[in-house]
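Enquirer: Here is a sequence together with a model predicted from it:
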Amino acid sequence: MKRIVLYQLSDVHYPEHRNERALDVKDPGVPSALLEAIAPPRLVGALRELLRRMGSDPGCGIVICGDLTTVGSLSGYQQCVEYLVTGLALGSNEWPLTSLQVVPGNHDVNRLSVPTEDHDPIAKFDPLVDAWIAHSVPVLAARLRTTQMRSGGYGLDLYGLNSCVGCGEWRELPDDLRDKLAPIFKDDAETAQASDDRGRWERLDTPAFLEGDVDEVVAAVRTSARDRLAVVIAHHNLLPQFMPRISPYSELLNGGMLRERLCRLDRPILYLHGHIHTSPVEVLLQPAFPQGRLVSVAAPVFVQGFNRLAIDFAADGQPLGVEVLPIRVQDAGGFENGTPLRVSLNLRVGQWSPLTEAIIELLETAGQKQRYIDIRDAVRINGRRPAEPRLQDALREAEWLGWLRLVGRDEDARFWQVELVGR
């Protein structure tokens, strides 16, 4: 079956998590080399595991959903970029730039560098862009960045979208409140210099998209072929997080607008994000747009793990479904696979290939649950047995479309049990 794999990570928070270890260190005098041998930092372990997994998926893509550092530390951001570029060999022939997408996070913005007067809201991302360019990896999406991953007649369109345009901006206080605060600032020597500008303002952490970027994404997806799956990457989630966040302006100001416009395109779309430090997979459906599937996938804090997304395509190139595999660190050390989540991306009701029709008819007449080897021996198309790879792809496609269920799907096909679900 045609497949493209993406690895999704987020919230590295370097250097805060640089030395975090699964150790209860009571003796600060223990040599660092010994600690490294017993339990390397979780961040090192996560990077090693990601690199190992990607080595098993040639041609895979990488998306990094922001918050490389903490509280706007430019040096921390630059160090994290160097750490990731070096550790993952980003920008090499093995990882072409078209298969890499990186977006800013709210913690990546240096708020103290943002002026209070009118200014370009994208300018504050220039130092972050430069940090990647310094390593010859110009991948940060301060403005919309679009790349494609292609394999034959199918592929992904990746849209890096900056959701942090409003982060780090300054909100002007009402005149009456500023008048009341003015004497306080004048009496405070440390803030007297700022009494005429920053002392009259308060900082915002207000996520938002540029409308022009959203317009470009919507226009591009609307006109793209059906054998290309749109993947939108941002830092913030479109839906409010399930744990209430008590903070003014903490949700995406125009997240609902983007959500509605993507749903109205009436086609499957993946939306990948971080920010919330948990990793739900959420599917948005609107009955008025029956072919639409807006699948939102969150990545956890990187020291806790990352996601592997395997997108399957039908023989005609249309996306069938995505399997989200959570790869998570364990309390006792090491990484394990979580329970994979499979989300269908296509509802081609009533569209049957001759091979699929033959399989369904066999299950309806011979029994609704059959062994794969029995189906292989019985099914004929124009009097001939189909090649096994073609038969297996037809069965996988029928499962994604909700017509069949494959018991033992991850085992050798010889051991599959094929069960009819419905027609």
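Expert: The structure has been received and is ready for your questions.
Enquirer: The residue lying closest to residue 372 once chain neighbours are set aside: neighbour count?
Expert: Closest residue to residue 372 apart from its sequence neighbours, by Cβ to Cβ, 6 or more residues apart in numbering: residue 416 at 3.8 Å. All C-beta atoms are positioned from the backbone trio N, CA, C, and that covers glycine. Neighbourhood size, residue 416 [other Cβ atoms under 10 Å]: 21.
Enquirer: In contact with residue 416: list those residues for me.
Expert: Residues counted as contacts of residue 416 (Cβ atoms under 8 Å, 6 or more residues apart in numbering) are 371-372, 395, 406-409.
Enquirer: ranges for the helices of the stretch 151-300 of the chain?
Expert: With DSSP state H, counting those that start in this stretch as the criterion, the stretch 151-300 of the chain has helices at 175-187, 189-192, 211-223, 255-263.
Enquirer: Okay, now the unreliable bits of the stretch 301-423 of the chain?
Expert: By pLDDT under 70, the low-scoring segments of the stretch 301-423 of the chain are 347-351, 422-423.
Enquirer: So for the protein, the centremost residue is which one?
Expert: The centre of the chain sits closest to residue 272, judged by Cα atoms, centre = their mean, with a distance of 2.9 Å.
Enquirer: And it, how close does it get to residue 288?
Expert: Distance of residue 272 to residue 288, given as Cβ to Cβ, to the nearest Å: 25 Å.
Enquirer: for residue 166, same thing?
Expert: Distance from residue 166 to residue 288, counting by Cβ to Cβ: 30 Å.
Enquirer: wait, what's in contact with the spatially closest residue to residue 169 that is not a sequence neighbour?
Expert: Sequence neighbours aside, residue 204 is the residue nearest to residue 169 in space, at 4.9 Å (criterion: Cβ to Cβ, 6+ apart). Taking Cβ under 8 Å, 6+ apart as the contact definition, residue 204 lies against 166-171, 248-249.
Enquirer: Touching the host helix or strand of residue 78 from outside, list them.
Expert: Element membership of residue 78 [criterion: DSSP states H and E] is helix 74-88. Here helix 74-88 makes contact (Cβ under 8 Å, 6+ apart) with 12, 14-16, 47, 50-51, 54, 62, 64, 68-70, 90-91, 95, 108, 110, 127-128, 131-132, 134-135, 137.
Enquirer: Sheet-wise, list the partners of the strand or helix carrying residue 312 with their directions.
Expert: Assigned by DSSP H and E, residue 312 belongs to strand 305-313. Partners of strand 305-313 in the sheet, by DSSP bridges, are strand 2-9 (antiparallel), strand 319-329 (antiparallel).
Enquirer: So which of the ones you listed is nearest residue 253?
Expert: With Cβ to Cβ as the measure, strand 2-9 is the member of these nearest residue 253 (24.2 Å).
Enquirer: domains in this structure, as residue ranges please.
Expert: Listed domain ranges for the chain are 2-166+207-344, 171-205, 354-420 (source: automatic domain parsing).
Enquirer: just how off-centre is the last one within its chain?
Expert: In terms of Cα atoms, centre = their mean, to the nearest Å, the centre of domain 354-420 is found 33 Å from the chain centre.
Enquirer: Same check on the first one?
Expert: Relative to the centre of its chain, domain 2-166+207-344 is centred 4 Å away, using Cα atoms, centre = their mean.
Enquirer: Tell me the predicted confidence for residue 92.
Expert: As predicted, residue 92 sits at a pLDDT of 81.
Enquirer: neighbours around it, how many?
Expert: By other Cβ under 10 Å, the residues close to residue 92 number 10.
Enquirer: Also residue 65?
Expert: As a burial measure, residue 65 scores 31 neighbours (other Cβ under 10 Å).
Enquirer: got the contact list for the closest residue to residue 137 other than its chain neighbours?
Expert: Ranked by Cβ to Cβ, 6+ apart and with sequence neighbours excluded, the top spatial neighbour of residue 137 is residue 91, at 4.0 Å. Contacts for residue 91 (Cβ under 8 Å, 6+ apart) come out as 85, 97, 100, 135-137.
Enquirer: cool, residue 294 as well?
Expert: By Cβ under 8 Å, 6+ apart, residue 294 lies in contact with 238, 259, 262-263, 269, 271, 283-285.
Enquirer: So in terms of bridging, what pairs with it?
Expert: residue 269, residue 284.
Enquirer: With residue 170 instead?
Expert: With DSSP bridges as the criterion, residue 170 is bridged to residue 203.
Enquirer: Downstream of the helix or strand that contains residue 355, the next helix or strand is which one?
Expert: Taking DSSP H and E as the definition, residue 355 sits inside helix 354-366. Reading on from helix 354-366 to the C-terminus, the next helix or strand found by DSSP H and E is strand 369-371.
Enquirer: Pairing partners for that following strand, with directions?
Expert: For strand 369-371, the paired strands and their directions (DSSP bridges) read strand 417-420 (antiparallel).
Enquirer: Same question for the strand it pairs with: list its buried residues.
Expert: By neighbour count on 16 or more other Cβ atoms under 10 Å, the buried set for strand 417-420 is 418, 420.
Enquirer: let's have the chain start at 4 instead
Expert: Noted, 4 is the first residue going forward, which turns the last one into strand 420-423.
Enquirer: Pick out the shakiest of the helices of the stretch 154-303 of the chain, pLDDT-wise.
Expert: Lowest mean pLDDT of the helices of the stretch 154-303 of the chain: helix 192-195, a mean of 47.
Enquirer: so which of the domains of the chain is the most packed in?
Expert: Mean neighbour counts were compared across these using mean count of other Cβ atoms under 10 Å; the top stretch is domain 5-169+210-347, at a mean of 18.
Enquirer: and residue 417, which of the three is it?
Expert: Under DSSP: H, G, I helix; E, B strand; the rest coil, the three-state class of residue 417 is helix.
Enquirer: so it sits right up against residue 376, yeah?
Expert: Yes. Counting by Cβ atoms under 8 Å, residue 417 does reach residue 376; the two are 6.0 Å apart.
Enquirer: Distance of the residue nearest to residue 172 relative to residue 58?
Expert: When Cβ to Cβ is the yardstick, residue 207 and residue 58 sit 42 Å from each other.
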